[in-house]
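K.L.:
Give the three-dimensional model of this entry:
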Amino acid sequence: MTMERKIGEIFEYKGEWYQCIKSTDGACMNCDMNFDGKCPIPLKECAGSGRSDKSYVIFKRLEKIGEPEYLLLDGKKVLFCGFMLFKEPPVIPDGFNRKFIWGEPLNAYQIFIELKQNQEDMEEKKLNLKPFDLEAAKAGKPVCTRDGSKARIICFDYKSSDDYSIIALVDNGDNEMPYKFSKEGKFNPNCTDAYDLMMLPEKKEGWVNIIKTATPKRNVGCLYDTREEALSHVDSLNDSYVATVKLEWEE
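P.N.:
Sure, this is the predicted structure:
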């Protein structure tokens with residue numbers, strides 16, 4: 001860092017967010033950029049004698065408010081995280097565009113910051129979502145949005161001039177909102193969107209009998225729908241039987 005931060009300015013450093021605030025003496029012990037005595041900021045940018053505003057400043061790390069959440073921005077869901085400010089009017093540096101947005105109702109002491117990492121992809125991998133499959137959806141397989149919101153398709157043949165013929169109700173927490181999608185499950189034709197439809201894996205389960213040794217004549221490794229069905233075949237396994245276990249997987 002080799003630039004003077006304005007009082008109230010919000011900035012990122014190594015994945016953390018900080019705010020430049022006014023101090024009576026600029027004591028390093030009160031500054032969160034003092035990493036065991038090794039500060040990345042030149043002293044002249046903190047001391048009143050070296051700053052253009054003649055003020056002493058320190059840099060405080062912003063504390064998160066709750067968990068990240070999706071907010072509507074220009075009609076799209078974008079992942080933001082709330083941070084508490086230090087009673088200084090925030091100064092937004094040039095070039096950040098839509099990275100900052102005030103919370104509603106307006107609160108002078110908190111701000112929501114758009115997270116830079118691709119959270120949609122992370123959420124998609126965490127939920128083990130699959131690409132949208134029109135025929136599977138028509139067959140009643142469960143669907144959701146790319147960010148994991150519950151969705152239920154109510155129409156596949158909506159008459160639309162833009163060929164967006166799927167109508168689905170998306171659960172926003174307090175209520176369901178209707179949106180239209182293409183046959184590929186796209187919400188926005190120009191980009192990957194958090195509202196895109198995805199296939200939600202179905203949880204499956206079955207029971208198998210475990211034995212010590214296997215022979216070609218024994219029907220082992222079979223998957224049964226219920227524990228009772230699996231146990232009904234135990235007698236044929238003789239003294240090789242060990243246990244009946246439950247398996248769970250997703251499809």
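
K.L.:
Quick check on Leu197: phi, psi?
P.N.:
phi -80, psi 140 (degrees, to the nearest 10).

K.L.:
residue contacts, it?
P.N.:
132, 137, 143-146, 151, 153, 166, 168, 181, 185-187 (CB atoms under 8 Å, 6 or more residues apart in numbering). For glycine as for every other residue, the C-beta is placed from the backbone atoms N, C-alpha and C.

K.L.:
7 Å - rerun?
P.N.:
Contact partners of Leu197, counting by CB atoms under 7 Å, 6 or more residues apart in numbering, are Phe132, Val143, Thr145, Ala151, Ala168, Phe181, Gly185.

K.L.:
same deal with Asp171?
P.N.:
Counting by CB under 7 Å, 6+ apart, Asp171 has contacts Ser149, Lys150, Ala151.

K.L.:
Compare those residues and tell me which is most surrounded.
P.N.:
Each of those was scored for neighbours by other CB atoms under 10 Å, and Ala151 scores highest at 23 neighbours.

K.L.:
Confirm for me that it is in contact with Pro142.
P.N.:
No - Ala151 is beyond contact range of Pro142, at 8.8 Å (criterion: CB atoms under 7 Å).

K.L.:
Distance-wise, check Ile154 relative to Ile65.
P.N.:
Distance from Ile154 to Ile65, counting by CB to CB, to the nearest Å: 36 Å.

K.L.:
Kindly report the same for Asp74.
P.N.:
Going from Asp74 to Ile65 by CB to CB gives 23 Å.

K.L.:
So which of those two has more stuff around it?
P.N.:
Between Asp74 and Ile65, counted using other CB under 10 Å, Ile65 has the larger neighbour count: 14 against 6.

K.L.:
distance of Ser149 from Leu200?
P.N.:
For Ser149, the distance to Leu200 - CB to CB - is 10 Å.

K.L.:
shared neighbours of those two, which are they?
P.N.:
In contact with both Ser149 and Leu200: no residue, using CB under 7 Å, 6+ apart.

K.L.:
wait, what's in contact with Asn34?
P.N.:
Neighbours of Asn34 in contact, by CB under 7 Å, 6+ apart: Cys28.

K.L.:
I meant to write Asp157 there.
P.N.:
Contacts of Asp157 (CB under 7 Å, 6+ apart): Ser165.

K.L.:
What of Met177?
P.N.:
Leu169, Val170.

K.L.:
so it is in which element?
P.N.:
strand 176-181 (DSSP states H and E).

K.L.:
Sheet-wise, list the partners of that strand with their directions.
P.N.:
If you go by DSSP bridges, strand 176-181 pairs up with strand 166-171 (antiparallel).

K.L.:
Sort out which residues of the partner strand are buried, please.
P.N.:
Ile166, Ile167, Ala168, Leu169, Val170 (16 or more other CB atoms under 10 Å).

K.L.:
His233 versus the fourth one, what's the distance?
P.N.:
Taken as CB to CB, the spacing of Leu169 relative to His233 amounts to 44 Å.
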